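Student: Only the shape, not the letters, is given here:
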């Protein structure tokens, strides 16, 4: 079993709801794709080469300010449950964790992480520098990732082309190698059925959306990850500005949608959010999806001031700790245990009871 | 992933819908999607890489193969066919070996072929980097003129002027 306490905040500092606009935005993620010029890309390299890449990156990383004390997780030497745990904390991609359909972990797949910043080694690209911040914090998250990129780039030879920019294994990432994403909660737009229009609008301005866990994941609990689609032809700051502007606009739309709901259907909304709270508080069995949807309802209730005395931080924590691997580890059972929904409901009840108790 | 409708063919179109106030994503094959009146991926703003790759093979670049595009990458042995199949390039050198077709693809993917963000060379050695860049641009300009891509040639000439 891995010891997540080795990482500051256990790597879940991003959900402490301390960041800007955290009533709507859970987290901001920045990732920069980089490759070493003297090595072939991941799809064609050998086990030996991946080890060489890992040694080179780790050695240089240990000399940087940001990753001097980094905790190292070799995914290829971890049990599935531990890899799943890291994935559920948004610290590694599904691919690096070997949780894709084929279920194999690539040799050399490694995460180096310290506080809010880390680097995935031997992902689709040799390096995926990533920063994860609480709330809506594009500039702060980028500044940190950029600092690490600069430090690493001084001692590692990155593959760079004068016209195409940073070279990546897949052409969708070439240029800046930057993917910035904002994980945002949009129940108002979903309830007012405005969400498709908003998402279509975003696609037209070069942005894309994904689910809670990034690429290839489904939308659960009305959480959408909004990110830039293109990586080439605009500077890093232009990409961030554009995404930031659009996210602010989506936040405005969401606030407006909530006002419309409260104005036109106050009784329905009040019933809906308290029903969600009641189910979470008293249900005896909860699937992960159901828990996510109910938490979304309660979060909306807290957001519009209908449900007092429930902290966003606690809802964020429930979001992470009711996921299969987290729950299974906490309960000391296997993640495919048949009575996991019963254990999940008990866990949620306990947390909500203590919250109510604490607040009297 | 199989089509949610017929459960026979590959689901290549990912359709996000709102049903009972919940957003759901359905995966449909092209035929079932067409039957439901969903537009084909080519006309959707969010187009998967696969379509671009498919279009690449049919585009004008294949009818008039760009000169100097080697069949396989000298460094890793990867070919354009490998790239079409996997969507991944083999090594940094592939970007140079398949420069012309990749440029077309990038134009469609990103609406641009020119990186304007942070430059890696700047961090290491600016003058050397600029020298390499100018030499590179001159080579690209020569290729552009050779392939009668005058629009690109004009753009490259402008950029060289700025640099020099």
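Tutor: Structure's in. What do you need? Since this is a predicted model, take the numbers as computed values, not measurements. Residues are numbered from 1 along each chain as shown, chains lettered A, B, ... in the order given.
Student: and the stretch 51-200 of chain A, which residues reach chain B?
Tutor: Along the stretch 51-200 of chain A, the residues adjacent to chain B under the rule C-beta under 8 Å from any C-beta of the partner chain are A:124, A:146, A:150, A:153-154, A:158-167, A:169-172, A:174-176, A:178, A:190-191, A:193, A:195-196, A:199-200. From N, CA and C alone the C-beta is placed, and that goes for glycine too.
Student: Buried subset of the residues you listed as a PyMOL selection?
Tutor: Burial among those is assessed by 16 or more other C-beta atoms under 10 Å in any protein chain shown; the matching PyMOL selection reads:
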select buried, chain A and resi 124+146+153+158+159+160+161+162+163+164+165+166+167+169+170+171+172+174+175+176+178+190+191+195+199
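Student: Pull out the buried positions in stretch A:299-313.
Tutor: Under the neighbour-count rule (16+ other C-beta under 10 Å), stretch A:299-313 has A:299-304, A:306-307, A:310, A:312 buried.
Student: Out of the residues you listed, which is nearest to chain B?
Tutor: Chain B has its nearest neighbour among the buried residues of stretch A:299-313 in residue A:300, at 11.9 Å by C-beta to the nearest C-beta.
Student: State the distance from the closest one to residue A:54.
Tutor: Residue A:300 sits 44 Å away from residue A:54, taking C-beta to C-beta, to the nearest Å as the criterion.
Student: Same check on residue A:267?
Tutor: If you go by C-beta to C-beta, the gap between residue A:267 and residue A:54 works out to 58 Å.
Student: closest point of the stretch 201-350 of chain A to chain B, which residue?
Tutor: When distances are taken as C-beta to the nearest C-beta, the stretch 201-350 of chain A reaches nearest to chain B at residue A:233, 2.6 Å away.
Student: Contact partners for that residue?
Tutor: Contacts here follow C-beta atoms under 8 Å, 6 or more residues apart in numbering or on different chains; on that basis residue A:233 touches A:175, B:110-116.
Student: What is the subsequent helix or strand relative to the lowest-mean-pLDDT helix or strand in chain B?
Tutor: Comparing every helix and strand of chain B by mean pLDDT, DSSP states H and E singles out helix B:60-63 as the least confident one, with a mean of 40. Along the chain past helix B:60-63, the next helix or strand (assigned with DSSP states H and E) turns out to be helix B:80-86.
Student: So which bits of that following helix are buried?
Tutor: Within helix B:80-86, the residues that qualify as buried are B:80, B:82-83, counting by 16+ other C-beta under 10 Å.
Student: okay, these in JSON lines with distance to chain A and pLDDT next?
Tutor: What follows is the buried residues of helix B:80-86, written out as JSON lines (distance: C-beta to the nearest C-beta, whole Å; pLDDT from 0 to 100):
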{"residue": "B:80", "distance to chain A": "12", "pLDDT": "92"}
{"residue": "B:82", "distance to chain A": "9", "pLDDT": "92"}
{"residue": "B:83", "distance to chain A": "9", "pLDDT": "94"}
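Student: picking up where we left off before, need the per-residue pLDDT for the nearest residue to the residue of the stretch 201-350 of chain A closest to chain B once chain neighbours are set aside.
Tutor: Using C-beta to C-beta, 6 or more residues apart in numbering or on different chains and skipping the chain neighbours, the partner closest in space to residue A:233 is residue B:112 (2.6 Å). At residue B:112 the predicted local confidence, pLDDT, stands at 92.
Student: for the one 5 residues further on, same thing?
Tutor: Reported pLDDT at residue B:117 in the predicted model: 93.
Student: Residue A:174 is in contact with that one, correct?
Tutor: No. Using C-beta atoms under 8 Å, residue B:117 makes no contact with residue A:174, being 10.9 Å away.
Student: Could you tell me which residues touch both of these two?
Tutor: residue A:165.
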